[in-house]
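A structural model of the following input is requested.
(chains A, B, C and D)
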Protein chains: 2
Amino acid sequence: MTEYNDKQLEILKAAEILFASEGFDGTSIRSIAKAAKVNIAMISYYFGSKEKMLEALIIYRTSDMKMQLDIISKENLTPSEKVDRLIDLYISRINKNKCMYQILHFELSTKKRIMDMKAFTDVKRQNMEAFTKIINEGQEQGIFRKDVNINLIPPTIMGTLVHFQMNRPFFEAHLGIATDEAYEDYIKNELTIHIKQTIKALLVYEN
Amino acid sequence: MTEYNDKQLEILKAAEILFASEGFDGTSIRSIAKAAKVNIAMISYYFGSKEKMLEALIIYRTSDMKMQLDIISKENLTPSEKVDRLIDLYISRINKNKCMYQILHFELSTKKRIMDMKAFTDVKRQNMEAFTKIINEGQEQGIFRKDVNINLIPPTIMGTLVHFQMNRPFFEAHLGIATDEAYEDYIKNELTIHIKQTIKALLVYEN
DNA sequence: GTTTAAATTAAACGTTTGTTTAAATTTACT
DNA sequence: AGTAAATTTAAACAAACGTTTAATTTAAAC
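Now for the predicted structure:
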């Protein structure tokens, strides 16, 4: 759609980091300009306003967030394996877009700026559909339980991960994790296992 | 500890609602004063500054958040029933303190204001301990599985609920829920059932 | 090389921000 | 009733905010 030049991308990159860590209202246009090493007028020049830049940033980041869920559903895997793949995909994507998820998380919950978000909502609905399809497949094969609320499984997956990231200071202290790397490792190992285990326990009949 | 008069409580109440819906940086002391029907100088007069008022608000709200987890653990219930009671308690408490959780959620994730949060961290650690105790009880009785990561179960409970509340616009559309009441009902019924079912599936041996 | 458009700059714009002041009013106490 | 302290007010404060301006530099086109 819209192509951005190097300077514009530099601005968006700096803004993304600052918005995520200081919030939209807590970030000044001057601090963004400083971080991106451009004049403060460039933001209005390129994007029109601070708010329009946020909108541009969200669209830019969410438009390429479409996951390869369709691909998974077509792969030659058991429903159980597909669920595993799906959870891996969720986790890696949220981890990759940590800043954007942080921003969206706040913007979705505030009524201050009513913006499009259509791009993001579309991705979510699309994910929900692909997920439902995989679960239904397992249910038809008699592998998955039928007395579950499919709509609430993605919230459990996402919610667990997001909660763990949001309350990082607490869990760092509680689990005795010191470095950024160790925390990422914990997510990639222990947390991923926990989520898979939980969803499997909910879905799969005992064997 | 600190006692607040009616006017101070009025300010804190107004601030809580505004901070939750507009964010700390997105809320001006003038809008708080207007909502609380007091002069703008009263905030500095009573609390010293806007930031100190936030701190006072957090301490005020989190100090009485101590749950009756200890009581549950002493009640004459099966471990399974205790887990149910616990989940009910979590959900009702988060629902009751929706605004404060929203504020804390943002403040914990931002590095802008490094404030105490000790009161809140204490509650969390305390909850984790009480929860661990109950799970251990069930494990010793041979009712609960032992190959679970107890530390990650509260994040699953909390995360699912918080995620569902944060992405409300999406789920309202997706589930065809129109009113505030219907959404609350969905949380109190379907979502609560889903969380209990999930945690039970993870913990309890098949029977 | 000249012309035209795009990019970049420093400065200034008018608001809004959180906080303080100093005067006025209310309350509490003897 | 009279005094001292606490409360409440409107006004003013400087600082920071997002945005615009007008001048300058750079790049592109002919």
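
going forward, measure contacts between C-alpha atoms and count neighbours the same way
Fine.

what number of residues lie near residue A:150?
Neighbour count for residue A:150, taken as other C-alpha atoms under 10 Å in any protein chain shown: 16.

for residue A:5, same thing?
For residue A:5, using other C-alpha under 10 Å, the count is 7.

tell me the contacts of the closest residue to residue A:155 other than its chain neighbours?
Of all residues not flanking residue A:155 in the chain, residue B:160 sits nearest, at 5.2 Å (C-alpha to C-alpha, 6 or more residues apart in numbering or on different chains). Applying C-alpha atoms under 8 Å, 6 or more residues apart in numbering or on different chains to residue B:160 gives the contacts A:155-160, B:195.

go again using 7 Å as the cut-off
Listed by C-alpha atoms under 7 Å, 6 or more residues apart in numbering or on different chains, the contact set of residue B:160 reads A:155-156, A:159-160.

Ok, residue A:9 next?
Per C-alpha under 7 Å, 6+ apart, neighbours of residue A:9: none.

Pop out the phi and psi values for it.
The phi and psi values for residue A:9, taken as degrees, to the nearest 10, are phi -70, psi -40.

do the same with residue A:204
phi -90, psi 140.

Was I right to think it contacts residue A:143?
Yes - Residue A:204 is within contact range of residue A:143, at 6.1 Å (criterion: C-alpha atoms under 7 Å).

Helix or strand for the residue of chain A found nearest chain B, just tell me which one.
Nearest residue of chain A to chain B: residue A:159, at 3.9 Å (C-alpha to the nearest C-alpha). Using DSSP states H and E, residue A:159 falls within helix A:153-166.

pLDDT on that helix, on average?
Average pLDDT, helix A:153-166: 94.

Kindly report the same for stretch A:3-10.
On average, stretch A:3-10 scores 90.

what comes up buried for the helix or strand of chain A with the lowest mean pLDDT?
Of all helical and strand segments in chain A, the minimum by mean pLDDT, DSSP states H and E falls on helix A:69-74, at a mean of 79. Within helix A:69-74, the residues scored as buried using 16 or more other C-alpha atoms under 10 Å in any protein chain shown are A:69-70, A:72-73.

nearest to residue B:130, of the residues you listed?
Checking the buried residues of helix A:69-74 against residue B:130 with C-alpha to C-alpha, the nearest one is residue A:69 at 39.1 Å.

That closest one reaches residue A:128, doesn't it?
No - look at residue A:69 against residue A:128 with C-alpha under 7 Å: they stay out of range, at 9.8 Å.

got any ranges where chain A has weak pLDDT?
In the predicted model, chain A carries pLDDT under 70 at residues A:1-2, A:67, A:206-207.

any idea which helix is longest in chain A?
helix A:118-140 (DSSP state H).

list the buried ones in stretch A:185-197?
Applying 16+ other C-alpha under 10 Å to stretch A:185-197 flags A:187, A:191-197 as buried.

Nearest to DNA strand D among those residues?
residue A:187 (33.8 Å; C-alpha to the nearest atom of the strand).

Please report how far the residue lying closest to that closest one once chain neighbours are set aside lies from DNA strand C.
For residue A:187, ignoring the flanking residues on the chain, the nearest one in space by C-alpha to C-alpha, 6+ apart is residue A:161 at 8.0 Å. In this structure, residue A:161 and DNA strand C are 32 Å apart, going by C-alpha to the nearest atom of the strand, to the nearest Å.

ditto for residue A:134
46 Å.

ok, that residue - how many residues close by?
21.

what's the answer for residue A:102, then?
Neighbour tally, residue A:102, other C-alpha under 10 Å: 23.

show me the contacts for it.
By C-alpha under 7 Å, 6+ apart, the contact list for residue A:102 reads residue A:20.

can you tell me the helix or strand for it?
Using DSSP H and E, residue A:102 falls in helix A:98-109.

Which positions within that helix qualify as buried?
Neighbour-count burial for helix A:98-109, counted by 16+ other C-alpha under 10 Å, picks out A:99-109.

can you tell me which residues contact the residue nearest the centre of chain A?
The centre of chain A sits closest to residue A:94, judged by C-alpha atoms, centre = their mean, with a distance of 3.5 Å. Counting by C-alpha under 7 Å, 6+ apart, residue A:94 makes contact with residue A:101.

From residue B:77, how far out is it?
39 Å (C-alpha to C-alpha, to the nearest Å).

and if you look at residue A:204?
In terms of C-alpha to C-alpha, residue A:204 sits 28 Å off from residue B:77.

Same check on residue A:30?
59 Å.

isn't residue A:70 right next to residue A:128, touching?
No - if you go by C-alpha under 7 Å, residue A:70 and residue A:128 don't touch, sitting 11.3 Å apart.

for chain B, what are the nearby residues on chain A?
A:21-22, A:25-26, A:108-112, A:121, A:149, A:155-156, A:159-160, A:162-164, A:166-167, A:170, A:194, A:198, A:201-202, A:206 (C-alpha under 7 Å from any C-alpha of the partner chain).

where does chain A come near DNA strand D, residue by residue?
A:25, A:27-30, A:40-41, A:44-45, A:48-51 (C-alpha under 7 Å from any atom of the strand).

From those residues, which land in strands?
Of the residues of chain A next to DNA strand D, none are assigned to strands by DSSP state E.

With neighbour count and distance to residue A:180 as new columns, can these be given to me in JSON lines?
Below are the residues of chain A next to DNA strand D laid out as JSON lines (neighbours: other C-alpha atoms under 10 Å in any protein chain shown; distance: C-alpha to C-alpha, whole Å):
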{"residue": "A:25", "neighbour count": "16", "distance to residue A:180": "27"}
{"residue": "A:27", "neighbour count": "18", "distance to residue A:180": "24"}
{"residue": "A:28", "neighbour count": "17", "distance to residue A:180": "27"}
{"residue": "A:29", "neighbour count": "20", "distance to residue A:180": "29"}
{"residue": "A:30", "neighbour count": "14", "distance to residue A:180": "29"}
{"residue": "A:40", "neighbour count": "16", "distance to residue A:180": "32"}
{"residue": "A:41", "neighbour count": "13", "distance to residue A:180": "35"}
{"residue": "A:44", "neighbour count": "14", "distance to residue A:180": "35"}
{"residue": "A:45", "neighbour count": "10", "distance to residue A:180": "37"}
{"residue": "A:48", "neighbour count": "12", "distance to residue A:180": "36"}
{"residue": "A:49", "neighbour count": "15", "distance to residue A:180": "34"}
{"residue": "A:50", "neighbour count": "17", "distance to residue A:180": "31"}
{"residue": "A:51", "neighbour count": "15", "distance to residue A:180": "31"}
